[in-house]
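**Q** task: produce atomic coordinates for the following.
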Amino acid sequence: MDRFNFLVVGGAGFIGSSMVDFLIGADHDVTIIDNLSTGKISNVNRLAKFLEIDITKDEFSFEGFDYVIHMAATPNVQQSIDNPILSNSNNFQTTLKIIEGCKNTSVKKIIFSSTSAIYGDSKYFPTREKSDENPMSPYALDKLMSEKYLKLYSELYGIKSVCLRYFNVFGERMTSEGAYKSVISVFKGQKEKNIALTITNDGSQRRDFVYVGDVVYANYLSCINETGDFNLYNVGFGENISVNEIASYFNQPTSYIGKRVEPFQTLCDNTKIVSELGWNPTISVKDWISDKK
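**A** Next up, the predicted model:
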């Protein structure tokens with residue numbers, strides 16, 4: 001197997017650190033850059049080269065890397081609504097600087113962590129890559145603009161790229177605090193404290209949850225396979241489940257805490273990534289929670 005030089009932007013975070021561990025395990029060379037705003041130094045693999053860098057402020061050379069896997073973001077919908085300027089800086093300006101930095105270098109391809117939030121409240125389920133884009137938050141809009149710039153740069157400058165639209169990612173190292181908190185990590189933390197599980201809206205909203213290890217493998221397959229100059233793939237399990245059902249797996253009292261703006265349902269059509277890259281999800285959210293309880 002060929003050995004490549006990878007750069008993982010955001011490699012101290014929830015998904016990024018899992019990506020780094022996988023690449024190290026596959027005997028690749030890995031450099032991490034992370035400003036540690038959401039990532040943790042404890043997540044950093046000691047066999048990777050780590051640089052504490054804020055890509056929006058610090059100079060950095062992308063020369064010498066084969067693949068750039070961009071996982072740095074502040075994926076918090078409500079925070080982006082409250083502070084759209086900060087969201088734009090963290091989720092769009094960072095991406096643009098990375099793309100510009102990769103221009104005229106040895107980088108073969110950029111793999112970008114995008115989001116199913118781009119679809120908003122979709123009318124079509126399961127949702128395909130060709131479905132209408134309807135961002136409902138600055139965060140989702142920042143991700144969509146990032147995708148558009150990646151496509152434009154592929155056309156103008158020949159920089160190959162893949163955008164992976166993650167659905168709801170869960171797994172080891174997810175946190176119940178800060179930008180990366182998910183309903184599962186919140187419930188898990190509340191269960192450990194033996195307090196009621198807090199549910200927004202009425203809990204009937206449904207989500208497609210995908211395991212972090214499966215997301216990592218989707219990124220890797222996007223690197224090593226021919227994907228054309230620019231491509232988009234959904235990354236989701238292909239089934240959805242209600243928040244109330246998720247809560248029931250924890251065998252804990254629940255409390256409903258009010259409303260917030262969010263899509264009622266997400267459901268991934270993963271046919272494209274399955275057929276083109278040979279990817280398949282391996283771990284369901286129900287099995288993972290059962291195993292961790």
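**Q** show me where the chain has its strands.
**A** 5-9, 29-34, 49-52, 67-70, 109-115, 161-166, 168-170, 197-199, 206-207, 209-211, 230-235, 241-242, 254-256 (DSSP state E).
**Q** out of those, which is closest to Pro281?
**A** strand 209-211 (6.1 Å; C-beta to C-beta). For every residue, glycine as well, the C-beta is placed using N, CA and C.
**Q** partner strands of that closest one, with direction?
**A** Strand 209-211 pairs in its sheet with strand 168-170 (parallel), by DSSP bridges.
**Q** how much distance is there from the strand it pairs with to the middle of the chain?
**A** 8 Å (C-alpha atoms, centre = their mean, to the nearest Å).
**Q** what average pLDDT does that strand get?
**A** Mean pLDDT, strand 168-170: 94.
**Q** list of residues touching it?
**A** The contact list for strand 168-170, computed with C-beta atoms under 8 Å, 6 or more residues apart in numbering, reads 14-15, 116, 182-185, 207-212, 215, 236, 266, 285, 288.
**Q** how about a cut-off of 10 Å?
**A** With C-beta atoms under 10 Å, 6 or more residues apart in numbering as the contact definition, strand 168-170 has outside contacts at 14-15, 18, 75, 113, 115-117, 180, 182-185, 188, 207-212, 214-216, 235-237, 240-241, 246, 266, 268, 283, 285, 288-289.
**Q** just to revisit the earlier point, adding mean neighbour count and distance to Ile224, write the strands of the chain out as JSON lines.
**A** Below are these laid out as JSON lines (neighbours: other C-beta atoms under 10 Å; distance: least, C-beta to C-beta, whole Å):
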{"stretch": "strand 5-9", "mean neighbour count": "24", "distance to Ile224": "11"}
{"stretch": "strand 29-34", "mean neighbour count": "23", "distance to Ile224": "15"}
{"stretch": "strand 49-52", "mean neighbour count": "14", "distance to Ile224": "21"}
{"stretch": "strand 67-70", "mean neighbour count": "26", "distance to Ile224": "9"}
{"stretch": "strand 109-115", "mean neighbour count": "26", "distance to Ile224": "10"}
{"stretch": "strand 161-166", "mean neighbour count": "25", "distance to Ile224": "11"}
{"stretch": "strand 168-170", "mean neighbour count": "23", "distance to Ile224": "21"}
{"stretch": "strand 197-199", "mean neighbour count": "20", "distance to Ile224": "40"}
{"stretch": "strand 206-207", "mean neighbour count": "23", "distance to Ile224": "30"}
{"stretch": "strand 209-211", "mean neighbour count": "25", "distance to Ile224": "20"}
{"stretch": "strand 230-235", "mean neighbour count": "23", "distance to Ile224": "14"}
{"stretch": "strand 241-242", "mean neighbour count": "16", "distance to Ile224": "31"}
{"stretch": "strand 254-256", "mean neighbour count": "14", "distance to Ile224": "44"}
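**Q** please enumerate the helices of the protein.
**A** 14-25, 77-82, 84-88, 94-102, 138-157, 183-192, 212-224, 243-248, 271-277, 285-292 (DSSP state H).
**Q** turn those into TSV, including mean pLDDT.
**A** Shown next, in TSV, are those (pLDDT from 0 to 100):
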stretch	mean pLDDT
helix 14-25	97
helix 77-82	85
helix 84-88	91
helix 94-102	97
helix 138-157	97
helix 183-192	91
helix 212-224	98
helix 243-248	96
helix 271-277	98
helix 285-292	89
